[in-house]
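Peer 1: everything below, folded, please.
(chains A and B)
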Amino acid sequence: MSILLDRHSKIVVQGITGRSGLFHTQQCREYGSNIVAGVTPGRGGIHIEGIPVFNTVIEAVKYTEANVAMIFVPPPGAADAILEATDAGLDLAVCITEGIPVRDMVPVKKMVTASTMKLIGPNCPGVITPGQCKVGIMPGHIHIPGKIGVVSRSGTLTYEAVKQLTDLGLGQSTCVGIGGDPIIGLNFIDVLKLFNDDPETEGVFMIGEIGGGAEEAAAHWIRENMKKPVAAFIAGVTAPPGKRMGHAGAIITGGKGKAADKIRTLSECGVTVSKSPTKMGEAMLEAMKGAN
Amino acid sequence: MNIHEYQAKEILSAFGIPVPRGRVAMTSDQVERAAKEMGGHCVVKAQIYAGGRGKAGGVKVVHHPEQAQDLGKDLFGKKIVTPQTGPEGLRVRRILVEEAVEIAKEFYLSITLDRGSSQYMLIASAEGGMDIEEVASKSPEKIITFAIDPFTGLRPYQARRVALALGLTGSVCEDCVNLILNLYRAFLEKDCSLIEINPLVVSRAGWLMAMDAKITFDDNAVYRHREYPDMVDYSQLDPLEIQASKYDLAYIKLGGSIGCLVNGAGLAMATLDVLKEFGGEPANFLDVGGGATREKVAEAFKIILQDADVKGIFVNIFGGIMRCDIIAQGIIEAAEEVHCTLPIVVRMDGSQVDEGKRLLKESGLNVECGDNLGDAAARIVKMLG
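Peer 2: Predicted coordinates:
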């Protein structure tokens, strides 16, 4: 088992005819993901790389039984694309798009929460279950199948962490990039719950960063509920306050969202926190040893 | 995206929220003329992209136009340092001259995103004119907050509850209800991430008025407001940050000597952390985007090299799907194009790493490659010794 994705996942790509949509569709297919359909309004009826393209998600679901959406629609239409996926009754939507206005995401978040669909992102690298299925833009080759679940607000920093895990022989059950925006679908706790219940996941590595209070909330949840060892890294110990560090959500405001506070809370809640980004894999190894 | 107080007040005014009569001045003569218009007794307010101006001498009450002019002479071109500006301070280029209002009561009112509930949140307090974080820590019971449902919006009964909780009665209470509803309308229509009125006042004459206002726009929504780019006061921004934003690069100057070029925001933050860990001082945060295209890498080099404090460059690219030989090519071309002679340490990961390293080695540039993040960080710190 794994969480969110496995070899049976059937994927529809929203925005498949765009440049990055098409590129990453090919990459995911090469990895072994089962891409069954694409959606681009007005382009329904054509085939692209042998994949049938539909005008709407609901049509794509009707003809291909797709259950997972990968969204590459540019910001002006991205919130609508997420709602369309929700409306079509999919199990999971992974929204890669960066730059969606917050005003668009507030109602989307409420709709998605009330639905049965899980949303990952936006502004995220996606989800991968190594050896089975990749829905996102991460490099597949750095991952190996295994027992560590990875959950992260970052993109390339997640690749760094995964590579360190792989180099130490710690394979991954599923890696989830939850996204760097202030409003996202599944948060740390949602994903930790899934890992906690997944028999194939034996430990979790968590990557957080400055801004907001999601890491602190996760820390408290871990202390109360988590049955498996958790290691973590928090980026931005040296970040100056009041500056937006690349991600829309990565900002220290009013003295809140500091890396040091997150690290302290996580440590107090029993999480093994890596002090350096060069030692993320080792921190995970240490946490796993401590558990045995 | 930040704007000045006077611009925020123009927006509020357009949405029917009363603000003091005022004029923006670019010269001390204009300050004098504006003060005359207000009848001499007025408030002179330096316009900078930061709060805490009052305590730093940026806001003063004057009684004669000549006094306003003298103050203008003193303030224009001066750097004001507040806890929000950093040690460098911000230079005054615009001054707002406003009528003096006799204040009876002061309140705090704001709308912003509550990340915890993923909804917009209205915050009000009877402790106006004070820093809201200070009120929150000292007397949290004095703060009224509630989340706004995106589908029903802010309702009049909710606004009334806030107005009553602030202790307002009669016609001022109803004025406040309308003001709150208008504030939410402005917030949505203008795609704000923060609107703050502090203080909101009731004047001696019994009028409700926004005495100070701050608005921050959602950067992701700037594309749908054609007027926003023209509202930016570039004198308030770092010139390199302006240049970076033109190429969609996230750049923040930090003051150390190691120029950083990284793909991805999280990795870029972690890179600063690791440099400090090894005893180095990063000159900047710079995220060229996850994809690290050649054009962006070239622009990033240009920006980093304009910073005279930079003595060496640290490139950290987790190529992922991109091939390292192509990234190496991009780095070489960019470095040659800008005639970079400074030492460079490159840490790359992804496919074709060895080919990428070979290209860099044979490029004739002053470049070293690190085997991993720690090794590379140690090298650049050592090189700059």
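Peer 1: run through the stretch 1-150 of chain A and note the low-pLDDT ranges.
Peer 2: A:1 (pLDDT under 70).
Peer 1: for it, what spans make up the strands?
Peer 2: A:10-14, A:34-39, A:47-48, A:51-54, A:68-71, A:92-95, A:118-120, A:126-129, A:133-136, A:145-152 (DSSP state E, counting those that start in this stretch).
Peer 1: mean neighbour count and distance to residue A:22 for these - can I get that in CSV?
Peer 2: Every residue, glycine included, has its C-beta placed from N, CA and C. Below are the strands of the stretch 1-150 of chain A laid out as CSV (neighbours: other Cβ atoms under 10 Å in any protein chain shown; distance: least, Cβ to Cβ, whole Å):
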stretch, mean neighbour count, distance to residue A:22
strand A:10-14, 28, 8
strand A:34-39, 24, 9
strand A:47-48, 13, 7
strand A:51-54, 21, 10
strand A:68-71, 29, 12
strand A:92-95, 27, 16
strand A:118-120, 26, 21
strand A:126-129, 27, 16
strand A:133-136, 26, 15
strand A:145-152, 24, 26
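Peer 1: among those, which is nearest chain B?
Peer 2: strand A:145-152 (7.4 Å; Cβ to the nearest Cβ).
Peer 1: which elements pack onto the closest one?
Peer 2: helix A:156-167, strand A:172-177, helix A:188-197, strand A:203-209 (3 or more Cβ pairs under 8 Å, 6 or more residues apart in numbering or on different chains; DSSP states H and E).
Peer 1: residues in contact with the residue minimising distance to the centre of chain A?
Peer 2: By Cα atoms, centre = their mean, chain A has its centre lying nearest to residue A:177, at 2.4 Å. Residue A:177 makes contact with A:120-121, A:124-127, A:136, A:138, A:152-155, A:158 under the criterion Cβ atoms under 8 Å, 6 or more residues apart in numbering or on different chains.
Peer 1: ok, now residue B:207?
Peer 2: Contacts of residue B:207 (Cβ under 8 Å, 6+ apart): B:18, B:175.
Peer 1: kindly report the residues of the stretch 51-200 of chain B close to chain A.
Peer 2: Applying Cβ under 8 Å from any Cβ of the partner chain, we find that the stretch 51-200 of chain B lies next to chain A at B:84, B:86, B:113, B:115-116, B:118-120, B:132-133, B:149-151, B:188, B:191, B:193.
Peer 1: PyMOL command for the buried members of the residues you listed?
Peer 2: Applying 16 or more other Cβ atoms under 10 Å in any protein chain shown to these, the buried members can be selected in PyMOL as follows:
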select buried, chain B and resi 113+115+118+119+120+132+150+188+191+193
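Peer 1: nearest to residue B:283, of the strands of the stretch 1-150 of chain A?
Peer 2: Among those, strand A:145-152 comes nearest to residue B:283, with 26.7 Å by Cβ to Cβ.
Peer 1: neighbouring strands for the closest one, and are they parallel or not?
Peer 2: Partner strands and pairing direction for strand A:145-152 (DSSP bridges) are strand A:172-177 (parallel), strand A:203-209 (parallel).
Peer 1: columns mean pLDDT on top of those, output as TSV?
Peer 2: Below are the strands paired with strand A:145-152 laid out as TSV (pLDDT from 0 to 100):
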stretch	mean pLDDT
strand A:172-177	97
strand A:203-209	97
